[in-house]
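> After the sequence you'll find the predicted model.
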Amino acid sequence: MALLEIKDLKVKVEDSLILKGVSLTINKGETHAIMGPNGSGKSTLALVLMGHPEYEVVGGDILFEGRSILDLSPDERAKLGIFLAFQYPYEIEGVRVSQMMWKAVQSLGWDMGPVEFRRLLRSYYEQLGIGDFIDREVNVGFSGGEKKRSEVAQLLTLKPKLAILDEIDSGLDIDAVRIVGGAINRAKEENPNLSVLLITHYQRILNYVKPDKVHVMVDGRIVLTGGYDLSLRLEAEGYEGIVRSLRAS
């Protein structure tokens, strides 16, 4: 059974159709990358998968472990094992990272005391070079790269079934891309059944997190699917070059 099945998904915001029939299947343990230009619908897809209320599904379905999740709230989807790292992580004043994460694992029913959990959380944040950040307010005063490191540390801690990483590499310098890529690989090593949907503009993160499949999204549709080599082709030809070649064929 596939972990995630997206079937002819159509989504609109107000009167604008953003996703125009997206179909995608991700099996357990697979890593898929979605690449495409700005405005192609990549981030919309990530938010719809997580149940963002501003987006209206007007056609198709989303199945998780064989069950439609269209009627589930974001927190219900999270409890099933779906994790979203935001393109623009939210700042939450007055709430420390450790407090937020403790509430998260309590809602998941973890059998772990607060001291043991704090030790676990700090160990993962230390792997990303930001151990002391667990005592800071969520994303408040974090740089763009620090926000992304924090989200990957949360992924390592929570151990979901599906990780949706929306432009996890944006705002990262060369060293940070390597560190974040290594952390994503560690998450998969610790949980071989972890599936990853990695949304990105650029090929560089894929040098560290090798995808099983690469999908090109243009104007709300997946127009081309291939392996890792497709990301190298995109880097060489650009999105416009790929689109031109598709139209010519």
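Received, thanks.

> got a list of contacts for the lowest-mean-pLDDT helix or strand in the chain?
In the chain, no helix or strand scores lower on mean pLDDT, DSSP states H and E than helix 228-248, which sits at a mean of 84. Helix 228-248 is contacted by residues 33, 35-37, 202-203, 206, 210-211, 214, 216, 218, 223-224, 226 when judged by Cβ atoms under 8 Å, 6 or more residues apart in numbering. Every C-beta, even on glycine, is put in place using the N, C-alpha and C of the backbone.

> residue boundaries of the helices in this protein?
Assigned by DSSP state H, the chain shows helices spanning 42-50, 74-80, 97-107, 114-127, 144-158, 174-190, 228-248.

> Between those helices, which one is closest to Gly59.
Closest approach to Gly59 among the helices of the chain is made by helix 42-50 (12.0 Å; Cβ to Cβ).

> What average pLDDT does the closest one get?
Average pLDDT, helix 42-50: 96.

> What of stretch 148-166?
Mean predicted lDDT for stretch 148-166 stands at 96.

> quick one on the thing from earlier: format the helices of the chain as JSON lines; extra columns: mean neighbour count.
Listed next are these as JSON lines, based on neighbours: other Cβ atoms under 10 Å:
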{"stretch": "helix 42-50", "mean neighbour count": "22"}
{"stretch": "helix 74-80", "mean neighbour count": "15"}
{"stretch": "helix 97-107", "mean neighbour count": "16"}
{"stretch": "helix 114-127", "mean neighbour count": "16"}
{"stretch": "helix 144-158", "mean neighbour count": "22"}
{"stretch": "helix 174-190", "mean neighbour count": "17"}
{"stretch": "helix 228-248", "mean neighbour count": "14"}
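
> who wins for proximity to Val57 among those?
helix 42-50 (6.7 Å).

> So what touches the closest one?
By Cβ under 8 Å, 6+ apart, the surrounding residues in contact with helix 42-50 are 4, 6, 9, 11, 13, 18-19, 22, 34-36, 54-55, 57, 62, 74, 77-78, 82, 84, 87, 164, 166-167, 197, 199, 217.

> Pull out the buried members of those residues.
When the contacts of helix 42-50 are checked for burial by 16 or more other Cβ atoms under 10 Å, the buried set is 4, 6, 9, 11, 18-19, 22, 34-36, 55, 62, 77-78, 82, 84, 87, 164, 166-167, 197, 199, 217.

> which regions of the protein sit below the pLDDT cut-off?
Along the chain, segments meeting pLDDT under 70 span 249.

> let's see it at 50
Along the chain, the model assigns pLDDT under 50 to no residue.

> Looking at the contacts of helix 228-248, which is nearest Ile69?
Using Cβ to Cβ, Ala33 is the member of the contacts of helix 228-248 that lies nearest Ile69, at 22.2 Å.

> which residues sit in contact with the closest one?
Leu198, Ile199, Thr200, Leu206, Pro211, Lys213, Val214, His215, Ser231.

> And those residues, which is closest to Glu137?
Of all the contacts of Ala33, Glu137 sits closest to Ile199, with 26.6 Å by Cβ to Cβ.
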